[in-house]
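Chemist: I need the structure of the sequence given here:
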Amino acid sequence: MPLSINVSKEDFLPALSSLQSITGKKGTMAILANVLIQTQDNYIEIIATDLEVGIKKSVAAEIINQGSMTLPSKILYEIVKESGSDSIKIEEKDKNWAKIKAGTSMYNLAGTASEEYPDFPEYNEEKLISLPCDLVKELIDKTVFSVAQERESNYTLTGILFEKGKNKEGKSILRMVSSDGHRLSIMEKELDKESDKIIIEKNTLIPRKGVSEIKKACEGQKKFSIGSDKKQIVVKTKNALMIVRLMNGEFPDYGSIVNVIEKKNVIEIERLGFLESLKRTNLFTEDTFNAIQLSVDENKLVLSSQNMDYGNAKDEMEINYTGEPLELGFNCRYFIDTLQVMRSDMIRAYVNSDQSPCLLEGDADQGFISIIMPMKI
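Modeler: Next comes the predicted model:
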């Protein structure tokens, strides 16, 4: 018999909304702009995929007749969103048409046979381990901003490296690493005894979009289950399942970059004051490179920038520094991005020389370091 269901707008709308970023992408397969709706005993499953990220949402519903069909995701979402009714009724009609009744409104929506929809990937439930969502969210927040854009020639830099390892104290950690070739972000968090059971395959590279969807899955949750299996990352919550296809290739050897910087020549800076000064100075940088000059002398930092069309800017602030004077050139935007995700009141910037990279860290940002490459000005 054809599908026939009643579902509340309150439950249906958030599920459809969360799938728009998956179905909204123009692809080679028209059916990927649809969501697959299939019935279970007392709920429906709504499935979306772009062949990179697949999401399955469970929504409570009254099942009048069992069945399955696919419907255009965007227009279905708009129908439910604009509906003045608390209840939505969907009935499958001939030739994959659906009749949708929402209060006094009636719609006829053209769908596609569910048999044409890609199969949802299989996974091994036993490989999933429960993790605190706050832990995963912090790993993502501290690294996602420095992922390379899609146009980057080094394909592996358009994702985040996800790995399990040991810290200097020998404790198990989860680590995320990102780089766009001009900066490097590393964040690691310690695992408790239960979480230590997680297995992360070597060279696990998660695409940027997949990382963003994993972060969304954290919202409103205290814990979720996660694991890597068959070149995919699997994330499971109470009412949702997400599978992200991993990227091929190897992430560059980031350890060699970290080891170049000797933690001897240190500049101590008040983070928020530095951030505000950078934003002011950035008003007069050229849009392409956001270049600023940092003049470092004993306990003083002078920031300056110049724009061919508008003029120039100079800002000065106190720091703790007793080393040799330095004239440094950097992309201002990179510093701003890093400081905005940090929490420390005071940060430490390590710079060996005028031509060396800058490493940033802070006591309230345990496990996090950011490395920014210099520019010639």
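Chemist: residue contacts, the closest residue to Lys137 other than its chain neighbours?
Modeler: Sequence neighbours aside, Cys218 is the residue nearest to Lys137 in space, at 4.6 Å (criterion: C-beta to C-beta, 6 or more residues apart in numbering). Every residue, glycine included, has its C-beta placed from N, CA and C. Contact analysis of Cys218 by C-beta atoms under 8 Å, 6 or more residues apart in numbering lists Cys133, Asp134, Val136, Lys137, Phe224.
Chemist: how near is Cys218 to Asn259?
Modeler: Counting by C-beta to C-beta, to the nearest Å, the separation of Cys218 from Asn259 is 32 Å.
Chemist: do the same with Thr23
Modeler: Thr23 is 44 Å from Asn259, by C-beta to C-beta.
Chemist: of those two, who's got more company?
Modeler: When neighbours are counted by other C-beta atoms under 10 Å, Thr23 and Asn259 differ, and Thr23 comes out ahead with 22 against 9.
Chemist: just the pLDDT for that one.
Modeler: Note for Thr23: predicted pLDDT of 95.
Chemist: what's the closest non-adjacent residue to it?
Modeler: Ser73 (3.6 Å).
Chemist: phi first, then psi, for that neighbour.
Modeler: Per-residue torsions, Ser73: phi -60, psi -50 (degrees, to the nearest 10).
Chemist: list the contacts for it?
Modeler: Leu16, Leu19, Gln20, Thr23, Gly24, Ala33, Asn34, Val35, Ala48.
Chemist: tabulate those residues (a markdown table), appending secondary structure and distance to Ile336.
Modeler: Formatted as a markdown table, the contacts of Ser73 follow (DSSP: H, G, I helix; E, B strand; the rest coil; distance: C-beta to C-beta, whole Å):
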| residue | secondary structure | distance to Ile336 |
| --- | --- | --- |
| Leu16 | helix | 35 |
| Leu19 | coil | 33 |
| Gln20 | helix | 29 |
| Thr23 | helix | 33 |
| Gly24 | coil | 29 |
| Ala33 | helix | 37 |
| Asn34 | strand | 40 |
| Val35 | strand | 38 |
| Ala48 | strand | 34 |
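Chemist: ok, of these, which come out buried?
Modeler: Leu16, Leu19, Thr23, Ala33, Asn34, Val35, Ala48 (16 or more other C-beta atoms under 10 Å).
Chemist: which one of these is nearest Thr322?
Modeler: The closest of the buried ones among the contacts of Ser73 to Thr322 turns out to be Leu19 (C-beta to C-beta; 55.8 Å).
Chemist: which residue, other than its chain neighbours, is closest to that closest one?
Modeler: Ala48 (4.0 Å).
Chemist: ok, now Asp86?
Modeler: Lys9 (5.5 Å).
Chemist: again, but for Tyr107
Modeler: In space, Tyr107 is closest to Ile100, 4.3 Å off (C-beta to C-beta, 6+ apart).
Chemist: specify the beta-bridge partners of that neighbour.
Modeler: Ile90, Tyr107 (DSSP bridges).
Chemist: would you confirm that it contacts Ser87?
Modeler: No: using C-beta atoms under 8 Å, Ile100 makes no contact with Ser87, being 11.3 Å away.
Chemist: tell me which of those two has more neighbours.
Modeler: Here Ile100 and Ser87 are compared on neighbour count by other C-beta under 10 Å; more neighbours surround Ile100, at 19 against 15.
Chemist: now the strands: where do they sit in the stretch 101-250 of the chain?
Modeler: For the stretch 101-250 of the chain, the strands defined by DSSP state E, counting those that start in this stretch occupy 105-110, 129-132, 159-166, 172-179, 183-190, 204-207, 223-228, 232-236, 240-245.
Chemist: CSV for those strands, including mean pLDDT?
Modeler: Converted to CSV, the strands of the stretch 101-250 of the chain look like this (pLDDT from 0 to 100):
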stretch, mean pLDDT
strand 105-110, 96
strand 129-132, 94
strand 159-166, 95
strand 172-179, 96
strand 183-190, 97
strand 204-207, 95
strand 223-228, 93
strand 232-236, 96
strand 240-245, 96
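Chemist: Glu327: which of those strands is closest?
Modeler: strand 183-190 (20.2 Å).
Chemist: remind me what the closest one packs against, helices and strands.
Modeler: helix 133-141, strand 172-179, helix 254-260, helix 332-341, strand 368-372 (3 or more C-beta pairs under 8 Å, 6 or more residues apart in numbering; DSSP states H and E).
Chemist: show me which helix or strand of the chain is least confident by mean pLDDT.
Modeler: Ranking every helix and strand in the chain by mean pLDDT, DSSP states H and E puts helix 254-260 at the bottom, with a mean of 90.
Chemist: next one: that helix to chain centre, how far?
Modeler: 24 Å (C-alpha atoms, centre = their mean, to the nearest Å).
Chemist: and it, what's buried?
Modeler: For helix 254-260, a neighbour-count test (16+ other C-beta under 10 Å) marks Tyr254, Ile257 as buried.
Chemist: for Glu152, give me the pLDDT.
Modeler: Here the pLDDT value assigned to Glu152 is 61.
Chemist: in CSV, list the contacts of Ser73 along with distance to Ala60.
Modeler: As requested, the contacts of Ser73 are exported to CSV (distance: C-beta to C-beta, whole Å):
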residue, distance to Ala60
Leu16, 14
Leu19, 17
Gln20, 21
Thr23, 22
Gly24, 25
Ala33, 26
Asn34, 22
Val35, 17
Ala48, 19
